[in-house]
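Undergrad: Predicted model and sequence follow; I will ask about them next.
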Amino acid sequence: MKSLESNQALLKAAITRKRDLLLARRPEADPEVWTITNGKLYVFSKKPAIPKFKEAPVAISEKAGENWRQLRASNA
């Protein structure tokens, strides 16, 4: 099997496929679906998320912050 490093066309194709797969999995945020809580802007992908967030904004934002720190640490 050829090394991707030695074949630039295969490398470019592999990178393009991976990028397309990642973009296909990323949810789009709806610019009409947002709220400001405690001076921070929160943008959501779907309208039903706003009432749920408003029920417990502190707990949800703290959990989101914790998840974000873990995600960043795992990708470092």
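TA: Arrived safely, thanks for sending. Numbers count the residues shown, from 1 in each chain.
Undergrad: Please pull up the helix or strand immediately following the helix or strand containing K18.
TA: Here K18 is covered by helix 8-25, with elements defined by DSSP states H and E. Moving toward the C-terminus from helix 8-25, the next helix or strand (DSSP H and E) is strand 34-37.
Undergrad: residues in contact with the next helix or strand after that following strand?
TA: Using DSSP H and E, the helix or strand that follows strand 34-37 in sequence is strand 40-43. Identification of contacts with strand 40-43 by C-beta atoms under 8 Å, 6 or more residues apart in numbering yields A29, D30, P31, V33, W34, T35, I36, F53, S61. Where C-beta positions appear, they are placed from N, C-alpha and C, glycine not excepted.
Undergrad: Mind telling me the two of these farthest from one another?
TA: Using C-beta to C-beta, these span at most 19.8 Å, a distance reached by P31 and S61.
Undergrad: out of these two, which sits in the busier spot?
TA: Between P31 and S61, counting by other C-beta atoms under 10 Å, S61 is the more crowded of the two (15 against 7).
Undergrad: mind listing what's buried in the host helix or strand of the more buried one?
TA: Taking DSSP H and E as the definition, S61 sits inside helix 57-74. Neighbour counts over helix 57-74 (16 or more other C-beta atoms under 10 Å) mark I60 as buried.
Undergrad: And the contacts of it?
TA: T37, N38, K40, Y42, K52, F53.
Undergrad: Since that was my last question, I'll sign off now.
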